[in-house]
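1. What follows is a predicted protein model with its sequence.
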Amino acid sequence: MDAAPAADEVRSTCPYCGVGCGTIVRTEGAGEARRVVDVRGDPAHPANFGRLCTKGATLAKTQRVELVRPGRLLVPTLRTGRAAPRARLGWDDALDHAADRFADCIARHGPDSVAFYVSGQLLTEDYYVFNKLARAVAGTNNIDSNSRLCMSSAVAGYRRTLGADAPPACYEDLDLAGCLFIAGSNAAWAHPVLMRRIEDARRARPEMKIVVVDPRRTDTAELADLHLPILPGTDVALCHAMLHAMLWEGWVDRAYVDAHTEGFDALRAVVRDCTPAWAAEVCGVPAESIVTAARWFATAGPTLSLYCQGLNQSTSGTAKNAALIGLHLATGQIGRPGAGPLSLTGQPNAMGGRETGTMANLLPGHRDPSDAHDRAEMARRWGVAELPATPGLTAVELFEAIGAGRVRCVWIACTNPVQSLPDSEAVRTALAAAEFVVLQEAYSGTATEPFADLLLPASTWPEKSGTVTNSERRVSRVRAALPPPGEARADWAIAADFARRLQARLPGRGEARFDWDGPGAVWDEWRALTAGRDLDLSGLSWDVLERDGPQQWPYPEGAGAGRARLYEDGRFATASGRARFAADPWRAVAEPPDARRPLRLLTGRTRDAWHGGSRTGLVPQLFAHDPEPSLQLAPVELERRGLVEGELVEVESRRGALTLPVRASGTLRAGQAFVSMHWGPEWLRGGVNGLTLGAIDPVSKQPELKHAAVSVRRAALPYRLTAVGRVAPHRHAEVREALRACFGDSGHASCVPFGRDDAGWALRLASASPFGDLLPCSIAAAFGFDPGALLRYEDRRFGRLRWLGAADGRLAFALAAGAGGEAEEPEASRLRSTVVDATPLRSLAALLDPSAADALPRARTVCSCVGVTDRQILEFVARTGDRRLDAVQSALSCGTGCGSCRVEVARLLAGAPATPAAAA
């Protein structure tokens with residue numbers, strides 16, 4: 001590795017997506033006063049070579065002391081009844097109580113009456129201890145991870161075709177591929193650092209072909225030579241038609257197929273009638289484009305495929321993965337530089353959870369709980385008589401079982417199922433019915449917290465020490481830069497302490513050891529279990545990681561380096577040593593649109609947010625690019641319904657309804673709608689997953705979060721209220737909770753942070769009936785303003801209300817309420833922008849006079865790193881006439897940080913007038 005960082009710096013790994021970027025964390029102070037002052041990319045880390053996306057680049061802002069303590073769980077708390085308040089108690093009492101409850105439940109109802117639900121954000125050591133606790137002590141396979149929601153179809157696809165859950169390619173292949181085939185991944189937003197590497201590869205080799213398969217025209221699709229906007233759920237049909245074309249044109253590598261695979265004849269029979277013309281009808285894309293994609297995949301040089309949730313989150317997710325891998329096998333595009341199927345991992349350590357077997361259908365080291373030999377081996381290694389043979393419950397099944405009373409006690413660690421699982425109302429109902437719920441969590445205020453009987457404060461980045469594995473099988477160290485706040489403890493230590501106590505209450509099951517002296521000892525026990533297996537980590541000690549830096553597996557004892565690519569010799573991890581083709585027919589989505597619900601609702605990511613936002617929600621600037629929850633529709637769908645931009649609409653599925661502002665989007669085709677997955681109940685009444693369905697893939701058990709049938713109509717909510725205000729950082733969490741309490745029974749309610757260093761909250765309400773006089777007073781008080789001291793404009797005849805509050809002579813609070821569409825967009829965005837800009841009070845006549853509201857400027861943030869808006873970019877073009885990307889980057893610095901905004905900046909420049917005179 002390069003020279004060690006300075007004494008006040010620690011090398012670690014980013015806690016967000018599965019790219020696994022290295023970070024250097026700089027701290028100041030000592031003891032409880034120690035704080036993070038800067039986080040930058042590690043130039044020595046082979047996953048990112050110093051780059052970070054906007055989320056990673058703002059990690060230091062999540063560690064501001066005035067934010068951390070108010071927004072964190074600091075001590076264990078317990079409530080003795082669902083209506084009772086929680087009371088503080090010590091760790092011994094908390095874990096003894098939990099052990100008593102779990103032991104009693106097991107004694108009364110059996111070991112499968114308890115369950116553990118953990119997270120892809122845990123470290124490998126945390127995962128391993130929880131797995132050992134569930135299976136060796138509690139005696140149940142009911143342990144699953146939220147990775148079930150993002151990666152289980154990729155796991156099933158790899159196992160079904162290649163024999164093991166082992167991604168065969170690596171990031172270096174991005175630099176070597178002749179064709180890049182991106183399916184169901186908006187890497188530009190979900191994995192921005194990899195997208196920068198793709199851009200570098202394209203600049204170095206302009207002849208490289210890029211194909212993007214995605215129903216939406218995303219920023220990733222903007223960079224493609226060929227975009228295939230297939231209809232949702234038709235990926236298998238597309239792959240079959242591509243294989244049909246390959247067979248017809250002689251592009252299949254028969255020598256490779258005959259030497260290294262099996263099952264090809266069965267698949268060939270399935271695709272015989274899957275002509276490009278047939279697929280054009282099914283998928284909604286031209287047959288010629290399908291043939292072009294097949295030709296480039298087979299003949300343009302080494303082909304690397306990247307894929308993510310568009311393939312995985314589907315009731316045919318396993319079939320989609322297997323069909324894409326089948327294209328690699330049919331063309332010999334695997335096991336060589338620049339080629340192979342590389343699934344992009346959504347969470348920082350979903351791979352570590354898969355490796356340690358911390359999912360209901362796995363055991364450590366790629367073992368199988370349905371295999372008696374594997375169970376017996378692990379029981380012997382763990383020092384217990386036997387491991388359970390009953391299949392464990394996967395995520396959706398688990399919460400259904402809680403609701404049905406089959407699972408009575410559940411331990412939830414480092415995840416937020418009320419926000420992230422489909423059909424969230426069913427999840428809430430299930431948790432309300434549970435006998436005992438433990439929530440082990442770092443952050444306060446998550447949507448799951450109200451259902452917890454016992455709250456246990458856990459440490460999180462940058463307080464933890466251990467390891468993670470990224471999408472290319474590379475193991476990196478996570479190192480603690482700070483002590484945990486309050487009484488928070490490491491996740492592995494909490495699980496181990498509980499395991500010892502529970503084991504003492506369950507005699508006769510054996511004596512599994514949980515006496516590690518630190519996470520390094522946990523790692524050593526875990527890696528020893530992998531010796532001789534396909535993911536052999538037995539030679540990868542922490543000493544090696546300290547000396548040589550991050551390494552890929554396999555890394556057996558005696559190795560000097562890991563292996564970049566797998567299956568280079570053509571031998572696969574199956575019993576026969578041959579890869580297997582899967583002959584699955586195409587199946588439609590679980591919930592096709594119909595006359596009552598004619599629109600296809602798609603879900604996906606917001607550029608600068610991550611998951612439920614418990615960490616990114618501490619950084620208001622990360623909301624600037626997408627400042628509030630909204631529903632996107634194709635412009636033609638707005639026109640058909642007589643809707644205008646910003647109008648509130650009701651989105652209804654078979655499970656529930658949600659009210660959102662509507663936006664026109666050119667990324668969608670007619671008949672489609674889109675909503676960001678991040679807007680949970682923490683930000684939006686109901687949360688997005690109140691609309692999604694819990695139908696699951698029959699093999700991977702992954703739910704179809706990507707598609708639901710919905711209707712959209714104008715919301716009958718004539719009374720509107722918008723309030724925005726700047727808030728001191730130490731009051732961030734307090735104000736959030738006070739504003740949530742103001743939601744009342746409003747038909748629409750959202751509460752989202754805004755701004756940069758001088759930030760605040762934006763509240764938006766809509767109701768079928770007047771709000772009353774007390775609500776505006778409560779909102780003003782939540783922001784710290786006396787209603788009697790505000791500048792006020794009130795017109796009772798028309799129900800109009802405008803209140804303004806100042807701090808240091810500049811606007812700090814604004815509230816607008818009215819009937820018949822008042823306080824709706826575009827006014828909400830103008831209020832937000834004027835508070836963000838701390839507009840002088842003398843400039844605010846337009847806020848008090850609705851007739852002059854159009855005088856206020858409107859702008860949308862494009863670059864979150866430096867806060868550049870679309871208005872600034874267009875003004876630059878109008879002033880200079882220069883539409884070159886490098887020119888605007890030089891002048892405004894947008895796109896020079898993480899680079900996530902470059903595609904959007906280029907799109908703005910392409911649409912801007914060419915000369916200053918034309919712009920004027």
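-> Right, received. Where do you want to start?
2. Going by C-alpha atoms from here, please, whenever you check contacts or count neighbours.
-> Will do.
3. any idea how far the residue of the chain most remote from its centre lies from residue 818?
-> Within the chain, the residue lying farthest from the chain centre (CA atoms, centre = their mean) is residue 797, at 47.2 Å. Per CA to CA, to the nearest Å, residue 797 is found 11 Å from residue 818.
4. Check residue 483 too.
-> As for residue 483, its distance to residue 818 is 49 Å (criterion: CA to CA).
5. More neighbours: these two, which one.
-> Shown here are residue 483 and residue 818; by other CA atoms under 10 Å, residue 818 has more neighbours (24 against 19).
6. wait, is that one part of a helix?
-> No: under DSSP: H, G, I helix; E, B strand; the rest coil, residue 818 sits outside any helix and is assigned strand.
7. Please enumerate the helices of the stretch 451-600 of the chain.
-> Taking DSSP state H, counting those that start in this stretch as the test, the helices found in the stretch 451-600 of the chain are 491-504, 519-528, 542-548.
8. buried residues in the first one?
-> For helix 491-504, a neighbour-count test (16 or more other CA atoms under 10 Å) marks 491-503 as buried.
9. what's the angle between it and helix 519-528?
-> Using axes from the mean of the first three to the mean of the last three CA atoms, to 10 degrees, the direction of helix 491-504 lies 70 degrees away from that of helix 519-528.
10. same for helix 491-504, what does it pack against?
-> For helix 491-504, the packing partners by 3 or more CA pairs under 8 Å, 6 or more residues apart in numbering; DSSP states H and E come out as helix 91-109, helix 124-132.
11. any chance of these in JSON lines, plus mean neighbour count?
-> What follows is the helices and strands packed on helix 491-504, written out as JSON lines (neighbours: other CA atoms under 10 Å):
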{"stretch": "helix 91-109", "mean neighbour count": "17"}
{"stretch": "helix 124-132", "mean neighbour count": "27"}
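12. want to try TSV for the ones you listed, with mean pLDDT as columns?
-> Below are these laid out as TSV (pLDDT from 0 to 100):
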stretch	mean pLDDT
helix 91-109	98
helix 124-132	98
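13. Distance to residue 60 for those - can I get that in TSV?
-> Shown next, in TSV, are the helices and strands packed on helix 491-504 (distance: least, CA to CA, whole Å):
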stretch	distance to residue 60
helix 91-109	29
helix 124-132	24
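14. To residue 399, which of those lies closest?
-> Across the helices and strands packed on helix 491-504, residue 399 has its closest neighbour in helix 91-109 (17.1 Å, CA to CA).
15. Partner strands of whatever helix or strand comes next after that closest one and their direction?
-> Counting by DSSP states H and E, the next helix or strand C-terminal to helix 91-109 is strand 114-118. If you go by DSSP bridges, strand 114-118 pairs up with strand 143-145 (parallel), strand 409-413 (parallel).
16. of all those strands, which lies closest to residue 598?
-> Shortest separation from residue 598 across the strands paired with strand 114-118 is recorded for strand 143-145, at 33.4 Å, computed as CA to CA.
17. Contacts made by whichever helix or strand comes after that closest one with the rest, please.
-> Along the chain past strand 143-145, the next helix or strand (assigned with DSSP H and E) turns out to be helix 152-162. Residues outside helix 152-162 that contact it (CA atoms under 8 Å, 6 or more residues apart in numbering) are 164-167, 311-313, 317-322, 325-326, 343, 572-574, 578-582, 697, 699-702.
18. likewise stretch 72-84?
-> 85-91, 94, 441-444, 453-458, 485-488.
19. Equivalent analysis for stretch 686-694, please.
-> For stretch 686-694, using CA under 8 Å, 6+ apart, the contacting residues are 396, 419-425, 652-658, 675-681, 703-705, 707-708.
20. which of the contacts of stretch 72-84 are buried?
-> Among the contacts of stretch 72-84, those buried by neighbour count (16+ other CA under 10 Å) are 86, 91, 94, 441-444, 453-458, 485, 488.
21. what's the most distant pair in those?
-> 453 and 485 (21.8 Å).
22. and the gap between residue 561 and residue 545?
-> For residue 561 relative to residue 545 (CA to CA), the value is 11 Å.
23. residues bridging contact with these two, i.e. touching both?
-> With CA under 8 Å, 6+ apart as the test, residue 561 and residue 545 both reach residue 551.
24. And residue 659, how far from residue 338?
-> Counting by CA to CA - residue 659 and residue 338 are separated by 46 Å.
25. All the strands of the stretch 751-900 of the chain, in order from the start?
-> 760-767, 791-795, 800-807, 810-819, 861-863, 868-869 (DSSP state E, counting those that start in this stretch).
26. Can you add distance to residue 386 and mean pLDDT and give those back as CSV?
-> Shown next, in CSV, are the strands of the stretch 751-900 of the chain (distance: least, CA to CA, whole Å; pLDDT from 0 to 100):
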stretch, distance to residue 386, mean pLDDT
strand 760-767, 54, 96
strand 791-795, 72, 89
strand 800-807, 67, 92
strand 810-819, 63, 92
strand 861-863, 56, 92
strand 868-869, 60, 92
